[in-house]
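1. got a predicted structure plus its sequence, pasted below:
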Amino acid sequence: MRRRLLSSMLLVAVIAVLLLGVPLAVLTVRLINDEVAQELRAEATRLLIGVEYSVSQNQLIDSTQLAKNYPDRYIQVFVRGYPLIVAGTPPPAGRELTEEARSESGYVRISRDSAQVDQDVHARLVLTIALAVVALGAAIGLATVTSRRLTLPLQDLTKIAERLGSGDARPSKHRYGIPELDLVAEVLDHSALRISDLLAREREFATDASHQLRTPLTGLTMRLEEIVGAASEPAIVREEGEAAIVQVERLTAVIDELLAAARRQRHAQAEPIDVDDVVEQQITEWEPAFRRARRSLVLAGDRGLSALGTTGGLSQALSTLMENSLKHGGGSLTINTSSTDKSVVIEIADEGPGIPDNLGPKVFERSVSGAGGTGLGLTLARALVAADGGRLELVKPRPATFAIFLRQARDADRHRVVSGPA
């Protein structure tokens, strides 16, 4: 491309020089010749006037004086009634330039050698050619610089595009001072940011999935352990097997929730849910683990509350808070449900040592953990609640008390949840 640009620009420059230089050279030669002819004609006219005046005064015309007054000229003066007067040396044959002036009484003819004129013409032509060469040199330099200025950014943009294709999504922020190329570079930078964001989301999704799937898998493991421990009692085996099936279904729901959150679709899925059902399900799932840890689960507050959200999102958030309490808290875990004019509030509090002061303000930040955990649970729980249009807050650090605030369902929606579809 660079070679084509250079060749095209040089061709345009050569054509421009020829179109301007050739007519300029012809015009220069013509102007010089016209100037010399006009000068000779003016001299002949002046001399004719002088001769007529001298004749009218009966004065003789001195050829020597004429040769002195008009050096490098060959002059012929003819006046009726007088002999032909000649002054100067005639120019070589074939190189004379002659002009004359006539009147009723005679004429004056002046000639000069064209050698000096030819030298002047050659000098002007040499100057014109020199200017054309300088113009071509400048055109070559300009073409080289311009082609380099155009091709180097294109090569740079090609490297950036190749880098994006290889997965390196860093924006280059290169600008070249050429609006069109700067626009392409800006578009590539925006694409790099979008690709980087997509890659980050994919990494976060993989991390979030691995973390969130661990909780239902832990619950499933506990149920299977209960089945193994009660193998001699069919009723308990059946009950625990049904609970394990619920855990598997919950595992499937977790995967659906993660995919929906990754695609930003959970806002459209929010619907009225029965808070009691979700809370009681979580208590049923986690009660064996708390019992083995010699801790109790307490359900308090108002019953029959309905909130806008998703069952999976609220279940995941409650499960994360209960798991954190089981690992890091102590004493009884109390789940208290209440309502305000616009919100349904679910508080989860235990009797443990609580959250350190230095960790409290950033407990919901990603990768922040005070006990060697992954630091993802609370971040994902808050994101799931926020996706349902609610919020998750740390109400009190000691003992640790978290609260989930969800929007209250409208009366018609609440009736639909209680009664079911018609």
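-> Nice, thanks for sending it over.
2. quick check: pLDDT value at Pro83.
-> For Pro83, the model assigns a pLDDT of 85.
3. let me know the secondary structure of it.
-> coil (DSSP: H, G, I helix; E, B strand; the rest coil).
4. next: Val55.
-> Per three-state DSSP, Val55 ends up helix.
5. how near is the nearest residue to it once chain neighbours are set aside to Gln57?
-> Distances taken as Cβ to Cβ, 6 or more residues apart in numbering put Val79 closest to Val55, at 5.6 Å, once the chain neighbours are dropped. C-betas here are computed from N, CA, C, even on glycine. Distance, Val79 to Gln57, by Cβ to Cβ, to the nearest Å: 13 Å.
6. hang on, the residue nearest to Val55 packs against Glu104?
-> No: judged on Cβ atoms under 8 Å, Val79 makes no contact with Glu104 at a distance of 10.8 Å.
7. and the two? Which one has more around it.
-> The residue with more neighbours, out of Val79 and Glu104, is Val79; 19 against 6, by other Cβ atoms under 10 Å.
8. state the phi and psi torsions of the more buried one.
-> Here is the backbone geometry of Val79 (degrees, to the nearest 10): phi -120, psi 130.
9. now do the helices in this protein.
-> Under the criterion DSSP state H, helices of the chain are mapped to 2-56, 63-69, 115-165, 179-229, 234-262, 266-269, 275-292, 311-328, 377-387, 411-419.
10. reformat the ones you listed as CSV; add mean pLDDT and distance to Glu99.
-> Below are the helices of the chain laid out as CSV (pLDDT from 0 to 100; distance: least, Cβ to Cβ, whole Å):
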stretch, mean pLDDT, distance to Glu99
helix 2-56, 83, 4
helix 63-69, 83, 16
helix 115-165, 80, 13
helix 179-229, 69, 61
helix 234-262, 66, 98
helix 266-269, 50, 100
helix 275-292, 89, 118
helix 311-328, 87, 108
helix 377-387, 84, 102
helix 411-419, 46, 113
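11. closest one to Glu351 among those helices?
-> Nearest to Glu351 among the helices of the chain is helix 311-328 (9.7 Å), distances taken as Cβ to Cβ.
12. the closest one to helix 275-292, inter-axis angle?
-> On the basis of axes from the mean of the first three to the mean of the last three Cα atoms, to 10 degrees, helix 311-328 is oriented at 30 degrees to helix 275-292.
13. which neighbouring elements make contact with helix 311-328?
-> Using 3 or more Cβ pairs under 8 Å, 6 or more residues apart in numbering; DSSP states H and E as the contact definition, the elements that helix 311-328 packs against are helix 179-229, helix 234-262, helix 275-292, strand 333-339, strand 343-349, helix 377-387, strand 401-407.
14. all good on my end, thank you.
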